[in-house]
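Q: just a sequence and a predicted model for now, questions to come.
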Amino acid sequence: MLILATALAYAAEPPIRYESSVDAMGSTFSITAWGSDRGNLAAAVETALEEARRLDRLLSNYRPESEWSAVNRGAAAGGVTVSQEMYDLLAACIRYSEQSEGTFDITVGPLMRVWGFYKGSGRIPHRSELRAALARTGYKNLSLQTTTRTVRFKNAGLELDPGGIGKGYAVERMATILRQAGVSGALINAGGSSMYGLNTPPEEPRGWKVVIRDPKRAERHVAELYLKNESMSTSGSYEKFFQAGKRIYSHIMDPRTGYPAQGMYSVSVLAPRGIDSEAWTKPTYIQGRQWAAKHLPAGFRAFLCEDRGEAQCAWLQ
């Protein structure tokens, strides 16, 4: 009877909650996790957050010592041999470009630069500047050699921008670490733009409750949902923009035209993996509802807030 009572007492112990955060990739990465052993739970969460720091050092285009910056410096002059991780990530980016008809494109660095988004305050470029930047853009100018893991730029002046893939990839890697550590449930949040819900929190079998903010009023939300072994990424014109006259120019660049995309306030994409959800937000934002209905991969979901004077928000049917 004593053994049974002791076992029941242990079984009745409430799950342990652990929260922590770190600044990386220009955002705050936070994790809320539940488990049965505080020491193991804390170790898993801190390891996952250290992964965000590591990927910031790997993928930053602001850190001259990062592998991403090394590619930008040397790939036009004979090529750069990269790590397997970098090679696999760049190969995935090319696949996303092909699947999205070129509207996902990590070679938009020259466009981001000429529009002033790397300086923190945007500007409308002269047409000649825009033409020159467009000539240095295009994922087909990015060449990968499988046997040697070499990255080459076919055009001098090509510049890779990690903004459309970095956080989603980090969230995916962090989720893998937590899952392999046996964490019962966790919510990973990368500054609100990419999230992943691992399993469920205690007493909520639907998953982790998250909201999609109103793109016009930050204090309000336009949808709420539950993430259970699913990722959500959001791209919005409110994230980074400047205004010239009455027109808003966001950082979400249409690589086909060289201009910031218009006609949308925000797009949220839900997918099994963080890298997929983030990669598909930009094409959905740029191409719009009808295109997304035909091209979004099976099993993905999308919530769009279209710019029709007022924000018209609805799930993709």
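A: Everything's here; your move. Numbers count the residues shown, from 1 in each chain.

Q: outside of stretch 18-35, which residues touch it?
A: Contact with stretch 18-35 is made by 15-17, 38, 41-42, 44-46, 48-50, 52-53, 55-56, 59-60, 166-167, 170, 174, 178, 182-191, 193, 201-202, as judged by CB atoms under 8 Å, 6 or more residues apart in numbering. In this view, the C-beta of every residue, glycine as well, is placed from N, C-alpha and C.

Q: give me the buried positions along stretch 250-265.
A: 250-256, 258-261, 264-265 (16 or more other CB atoms under 10 Å).

Q: got TSV for the residues you listed, with secondary structure, distance to R206 and pLDDT too?
A: Shown next, in TSV, are the buried residues of stretch 250-265 (DSSP: H, G, I helix; E, B strand; the rest coil; distance: CB to CB, whole Å; pLDDT from 0 to 100):
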residue	secondary structure	distance to R206	pLDDT
S250	strand	33	94
H251	coil	33	93
I252	coil	31	96
M253	strand	36	96
D254	coil	36	97
P255	coil	38	97
R256	coil	39	96
G258	coil	43	97
Y259	coil	41	96
P260	strand	37	96
A261	coil	33	96
M264	strand	28	96
Y265	strand	27	96
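
Q: just the residues you listed now: which is nearest D105?
A: Checking the buried residues of stretch 250-265 against D105 by CB to CB gives P255 as the nearest, at 4.1 Å.

Q: residue boundaries of the helices in the stretch 101-250 of the chain?
A: Assignment of helices within the stretch 101-250 of the chain using DSSP state H, counting those that start in this stretch yields the ranges 109-114, 127-135, 166-180.

Q: so what pLDDT did E310 get?
A: In this model, E310 is scored at 84, pLDDT.

Q: same question for A7.
A: On pLDDT, A7 comes in at 48.

Q: same check on G109?
A: The model's pLDDT for G109 equals 97.

Q: what's the answer for the one 3 residues further on, then?
A: The confidence metric pLDDT takes the value 96 at M112.

Q: do the same with D161
A: At D161, pLDDT is 98.

Q: before we move on, what about the one 10 residues further on?
A: Looking at V171, its pLDDT stands at 99.

Q: residues in contact with it?
A: Residues in contact with V171, defined by CB under 8 Å, 6+ apart, are 188, 190, 194-196, 231, 274-275, 278.

Q: if we go to 7 Å?
A: With contact set as CB atoms under 7 Å, 6 or more residues apart in numbering, V171 has these partners: 188, 190, 194, 196, 231, 274.

Q: just the residues you listed: which are in strands?
A: When the contacts of V171 are checked against strands (DSSP state E), the matches are 188, 190, 194, 196, 231.

Q: with distance to R149 added, can I get the residues you listed in CSV?
A: What follows is the ones in strands among the contacts of V171, written out as CSV (distance: CB to CB, whole Å):
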residue, distance to R149
I188, 29
A190, 27
S194, 27
Y196, 28
S231, 27
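
Q: which single one of the residues you listed is nearest to Q99?
A: Comparing the ones in strands among the contacts of V171 against Q99 with CB to CB places S231 closest, at 17.3 Å.

Q: beta partners for that closest one?
A: S231 has these beta-bridge partners by DSSP bridges: Y196, A271.

Q: which ones are touching it?
A: Each residue near S231 by CB under 7 Å, 6+ apart is listed here: 171, 194-196, 270-274, 277.

Q: tell me how far it lies from E172.
A: 7 Å (CB to CB, to the nearest Å).

Q: and for W208?
A: Relative to E172, W208 is positioned 16 Å away (criterion: CB to CB).

Q: out of the two, which sits in the busier spot?
A: Using other CB atoms under 10 Å as the criterion, W208 and E172 rank with W208 on top: 24 against 21.
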